[in-house]
Structure formats: structure tokens, C-alpha cells
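In: Sequence first, predicted coordinates after that:
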Amino acid sequence: MISRRISRARQIVLSTLSVLLLVLGYTWISHRQHQVNPEDTTIPNWSQLAEGAVKFTQPDRKGQRWLVEDSLATAKRLAAGISLGIVFGFMIGMSMGCITSLEAFLQPPISLLAKVPQTAALAVYFVFFGTGMEMYVAMISFGIIPTLAVTVYLAIKDIPSEMLDKAYTLGASHFEIAFEVVFKQVLPKFIDAVRLCIGPAIVFLIAAEMVVGDVGFGYRIRLQFKLTNMNVVYPYLVFLACFGFLLDYMLRFLQAKICPWYQNNSK
Amino acid sequence: MKEDGHQDFSLQCQKVSHWFGETKVLFDLNLKVKSGQFVSLIGPSGCGKSTLLRAILGTHIPNEGQILTMQNGELISADRPGRDRGIVYQKYSLYPFLTALDNVALGLKLDQTSALFRLFNWSGWAKKRKNFRDRAAVFLEKVGLGHAMHMYPSQMSGGMQQRVAIAQALIMEPEIILLDEPFGALDEATREELQEMLLLLYQENQDAISKSQKPPYTLIIVTHELNEAIRVGDRLVGLSQYWNWEEAGHDSPPGATVVYDKPSPIFKPNERPDYESFENIRREIRSYVYNPDILQSRNEYLMTKLV
């Protein structure tokens, strides 16, 4: 039967089973590969992975711990890019939703910009912003601004006019309607949109780091891949996944904290 | 109160006509509502009841004519929605992101404090907010929802939501409250409970009048339930596009206008009306307001004495 409820115990057993299968499957594939070629590094076995872990957690010849350096660099770029994207995406979406002439003015560039693949436009960002921090921030924020702005704008258009008219009968000014009604109504949908934007933002950043980075996850993955040190590449992918998952979880937590009514609605 | 003075009226519609392109909706509509009246606005679907209500609300300005509402003791053109008119919709009547208590307190917050005050005078705002919430709690008790103050609209039943919506309008003490088919989506039993709640308000009006004070509530309720219209209202106003417009010199239907305007029997809140006894009124309304084949002269059933 479709979406039939299952017991909590069964749910836990099934989830554990899927993780276990993944680990076992990997071990088996790696084992088969090493029977063909004992020196293989493309599908490292567990002891090779442990060597990799030493490589990126212990200081290298320059005394740097890769994992620390890379995490810091990537996180800084991502945080700056996403923050700027959030601020501008929200402001642009709000003004498009609330002011009709701005809507007409901003709609063409926003919908056009939304269709440009950021990874294809890498060269443009290098030309305009060089290869430093500015470039990463610009490409991440430009990459997510159109989606975020359009989400906010559409969410505002979704608000029934009755809600706004009623606010006037309750003595609201234009500004109060924007903040007390529109903003609060749109906020949880905006957080949802930010959650969905984290994936693309990481893609843009890693792509840029692979091309011009000298530190960071993208840079390390490309370099270690060239040396076929897959025992570094795979763990790095897992870290990226965990990082994305953690961000997503934090945003969901934030949403439940500041918009408890929205949770109630979706139940 | 002065006899027939300006102050007695909460609303005056003067020669209001409205059309959407070729579609004629309202024609030469005149309506005066005295303070303290509960007007039931009835009419066939598509006759422009909602258009009239929106015009009074000020969100849709009529093409011709004037709508005046009492604002700060003066009759002023209602060209935009304002705090002198309250509205209760059938749908979207509450803000989903606020609890029942905050939904009711919202009007006080928006009306009596500014955004700057709330942003910069934290302690002042905290004090005021407490005061607003206390007042909102009183109104929620009044509509019988003392137990549900901290529920969000999504956790409430349709009937509870409409009660909160009415409290939300009442707390502003508007000159006139507009209800647009407020109980249309509710079941029969809930409907009757809410009608009784409105009748309690009507009783407060009568108590005020007996003490020669200004009656606190004035209401226009749009409904398609004739029994509800008769029970809740003290005045029945029928709007209809079916009237003898040929006699009035028109080549094509010019739109709906008031064709029926009579006092309605008055009920006490706890009094179960005998709906059978409404039959005569219902029959009269059906033939003169709802029946497309009976086109009477439009002045025939107007209550001329009252206004």
C-alpha cells in the first residue's frame, strides 16, 4: 500500500541495513579490485583509507593540516557567498513583490540571469573579479540570488489580497504590511528556498576552486585525483556531504524555531 | 443622539453604479445604514453583493457615485480601506503565522504603535504588548475562545477561526463591520452558534440604546441563507438585477439595485427561532429579489420610513 505507516523499530532496522549494505558493497568491490591489482589506489581498501586519513589530518611538509586549511577556506567562501546571496535575494524579491514598477523593471534581468549556468560563466567571473575571495563570493551569490528572489516574489504574489486588505482595516501602514504581514508569511518559504540553494552553491564553489583555487575542497580533490590518491578524494566527498547535511539540518531547525506555525501547516 | 442627525449614520451609499466593461453590476444604489443596525444583505448570486461590500471596504472603488463612512465623527469618502471599517471574510480571515491571541491583538499593535516605537523603545513596547494581549484575551473570552488563545489558525476548526476573526474585527471598535458570507463554509450547528454570538452583540446594542448611549456595533452581513439573514439582521436589504428597468426607461438591464428593504424580526440570543414562521418573509423575498420573472418597480418594497 502507498505511504502506509511502519513501526519505529522497523524504520531503524531498514535504515541501518541500507548503510550496512553500502559499506559491505564498497568493501567487496575494493576487495575484487585488489585481487586483480594489489597496488590499486582507485578503489582503496580500508587500510589505504586509513593512510589517507593520516595524510589529510597530519601536518604536511609545510606544516599544514589539509583538512583544517581546506575546511576553513571553503567554509569562509561559502558563508560569505551565501550570506550575500540571502541578503540581496531577499531584498530583491521583497521589492519585486511589493512594488509593481520594480517588478516590471527587475523581472527580465532576473529571469534571464536565472537561466545562465554559473559553472559555464566561470570565465566571466574570473575576468570581472580576479581569482580571489571576491570572485567566489560573487559567483555564489549571483548564482543563488535569482532563485531566491523569484521564490520570495512568487510567495508574495501567492498571498491572498484579503490578508493585505484586512491589515489596512486594522490600521497598518504600507511599511507595516510589508514587515508584519508579507515578511512573516514569506519567511518559512524563503528558508526552504535557501535550503535548496545550498546544493547549487556548493557545486559553484567546488567548480571554481577546481579551476583557480590554491586551497579548499575543490582544489584538494582535483590535485589528489591527478595523483590518483582516491583515499583522500573519497573521504573529502563524504565530508562535503556531511557539511551539506549539517547546513540543511540547521536551517530546518531554524525554521521550526522561528516559524512554528509553518510546521503545523504542513502536517 | 440627535434625531435624524448626520451622526446617526455609519454608512451612506449615494447613487453607486459599477460595471466591469460590458457587464453591468450595480445601478444607482442608495443605502443608508444607521449606527447600531444589523443589516442582512441578500440577493441572487452574481447580483453584486460582494462588489458592494468591497466598495464599502474601499478596495474596489465604484465607477460612479459615492460611499461615505463615519470616520472620526465625520462622513468621509471610503476610497481606501481603513480602521473605521472591519471585515470578516469567509476564507483567509486570519494570519496563519499568529496565534489566536496575537491575531486579535494585531489590530491594536498596528493601530496604536508604530514600527519605530516597537524597534527602538523595547521596554515601552513590552508594556504595551502585555496590555494589548490582555485586552485581546477579553475579546476572545467574549467570543467563547478563552481556552484556545495560544492555538495557531491551522490547529483550529473553521468555526473557531471565524470566532477569532470576529474578535479581531471587534477589538478595533470600528464604525461598521462587514461580514462576507462569514459562516458559508461551516456546518449547520456551528453556524447557529455563531449566529447566537452575533445576537449577543445585538443585545449589547439594545442595552446601550435603552441607556440612551450610542450602540457599539453596526453590521452588514452578506449571506445566501435566508434563515440566517432573517435571524441575525434587524433589517433585510435585497439586492437584485431583476427589477422593472424597462419601466425606468432602460433598453438593457442596467445592473442590480436595492429592490427590497424591510425590518426583520428581532431575536434574543438564546431564543430558538421557529424557522417555519419565516415562511412568509422567505416567500416574499424569493419572489421579489430572487425570481427573474417578477420584475416589480424598484421603489415598491423599500422601507421609506426608516431613512
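Out: Cool, got the structure.
In: Most remote residue from the middle of chain A, which is it?
Out: Ranking residues of chain A by C-alpha distance from their mean position (C-alpha atoms, centre = their mean) puts residue A:169 at the top, at 41.3 Å.
In: Would you mind measuring from that one to residue B:69?
Out: According to C-beta to C-beta, to the nearest Å, residue A:169 stands 11 Å off from residue B:69. For glycine as for every other residue, the C-beta is placed from the backbone atoms N, C-alpha and C.
In: Assign whichever residue of the stretch 101-250 of chain A sits closest to chain B to helix, strand or coil.
Out: Nearest residue of the stretch 101-250 of chain A to chain B: residue A:171, at 3.0 Å (C-beta to the nearest C-beta). Following DSSP: H, G, I helix; E, B strand; the rest coil, we place residue A:171 in the coil state.
In: How many residues are close by it?
Out: For residue A:171, the count of nearby residues is 19 (other C-beta atoms under 10 Å in any protein chain shown).
In: what's the pLDDT at residue A:266?
Out: Looking at residue A:266, its pLDDT stands at 47.
In: same check, this time on residue B:279
Out: You'll see residue B:279 listed with a pLDDT of 89.
In: Quick check: it vs chain A, distance?
Out: For residue B:279, the distance to chain A (C-beta to the nearest C-beta, to the nearest Å) stands at 36 Å.
In: what helix or strand is that residue on?
Out: Per DSSP states H and E, residue B:279 falls inside helix B:279-285.
In: Show me what that helix is packed against.
Out: Applying 3 or more C-beta pairs under 8 Å, 6 or more residues apart in numbering or on different chains; DSSP states H and E, one finds that helix B:279-285 makes contact with helix B:226-232, strand B:235-240.
In: What's the mean pLDDT across the helix or strand following the last one?
Out: Next helix or strand after strand B:235-240 toward the C-terminus (DSSP H and E): strand B:257-263. For strand B:257-263, mean pLDDT rounds to 89.
In: circling back: export the helices and strands packed on helix B:279-285 to JSON lines and tack on distance to chain A?
Out: Formatted as JSON lines, the helices and strands packed on helix B:279-285 follow (distance: least, C-beta to the nearest C-beta, whole Å):
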{"stretch": "helix B:226-232", "distance to chain A": "21"}
{"stretch": "strand B:235-240", "distance to chain A": "21"}
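In: returning to that earlier point: mind listing what's buried in the helix holding residue B:279?
Out: Neighbour-count burial for helix B:279-285, with 16 or more other C-beta atoms under 10 Å in any protein chain shown as criterion, is recorded at B:281, B:285.
In: Give me the buried positions along the least confident helix or strand in chain B by mean pLDDT.
Out: When each helix and strand of chain B is scored by mean pLDDT, DSSP states H and E, strand B:74-77 comes last, with a mean of 86. Using 16+ other C-beta under 10 Å as the test for burial, strand B:74-77 gives residue B:75.
In: Same check on stretch A:150-169?
Out: Going by neighbour count (16+ other C-beta under 10 Å), the buried part of stretch A:150-169 is A:150-153, A:155-156, A:159, A:162-169.
In: still on that earlier bit, between residue A:169 and residue B:69, what contacts are shared?
Out: Counting by C-beta atoms under 8 Å, 6 or more residues apart in numbering or on different chains, the residues touching both residue A:169 and residue B:69 are B:82, B:85.
In: Name the SS class of residue B:28, please.
Out: strand.
In: residues near it, how many?
Out: Neighbour count for residue B:28, taken as other C-beta under 10 Å: 16.
In: ok, it - contacts?
Out: Neighbour list for residue B:28: B:15, B:16, B:17, B:65, B:254, B:257 [criterion: C-beta under 8 Å, 6+ apart].
In: Those, buried ones only, as a ChimeraX selection?
Out: The buried residues among the contacts of residue B:28 can be selected in ChimeraX (16+ other C-beta under 10 Å) with this line:
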select /B:16,17,65,254,257
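In: Which one of the contacts of residue B:28 is nearest to chain A?
Out: residue B:16 (19.0 Å).
In: Please, which helix or strand holds the closest one?
Out: Assessed by DSSP H and E, residue B:16 sits inside strand B:9-20.
In: burial count for residue B:262?
Out: Neighbour count for residue B:262, taken as other C-beta under 10 Å: 15.
In: pretty sure it is touching residue B:236, no?
Out: Yes - taking C-beta atoms under 8 Å as the definition, residue B:262 is a contact partner of residue B:236 at 5.5 Å.
In: Residue B:115 is in contact with residue A:175, correct?
Out: Yes - if you go by C-beta under 8 Å, residue A:175 and residue B:115 touch, sitting 6.0 Å apart.
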